[in-house]
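>>> Please find the sequence and the predicted model below.
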Amino acid sequence: MFLTIRVKPNKKENKIIPLEGGVFEVWTKKPSKEGEANEDSIKQVARYLKIPKSTITIVRGHKNKEKVLEVL
């Protein structure tokens, strides 16, 4: 399964907002440097879906705010 997320770094709270078309907006307190926002986004999506974070990988968009995740 593939998911598209839009990461919003440096927010005041962590949350996930479902948008139209199966896209999720992920707010994270972490900055976008050194992959911190990516790691936190994966952790939040795993918690939201109630699955282990090891089953989620970033397929596309490592350095972009819009990412495609693969959920095994």
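Looks like it arrived, so ask away.

>>> Sheet-wise, list the partners of the host helix or strand of Leu3 with their directions.
Using DSSP states H and E, Leu3 falls within strand 2-8. Next to strand 2-8 in the sheet, as set by DSSP bridges, lie strand 23-27 (parallel), strand 66-71 (antiparallel).

>>> can you redo the ones you listed as CSV with mean pLDDT, distance to Tyr48 and mean neighbour count?
In this view, the C-beta of every residue, glycine as well, is placed from N, C-alpha and C. Shown next, in CSV, are the strands paired with strand 2-8 (pLDDT from 0 to 100; distance: least, C-beta to C-beta, whole Å; neighbours: other C-beta atoms under 10 Å):
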stretch, mean pLDDT, distance to Tyr48, mean neighbour count
strand 23-27, 94, 8, 18
strand 66-71, 94, 11, 16
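
>>> Leu3: which of those strands is closest?
Comparison of the strands paired with strand 2-8 against Leu3 by C-beta to C-beta identifies strand 66-71 as nearest, at 4.6 Å.
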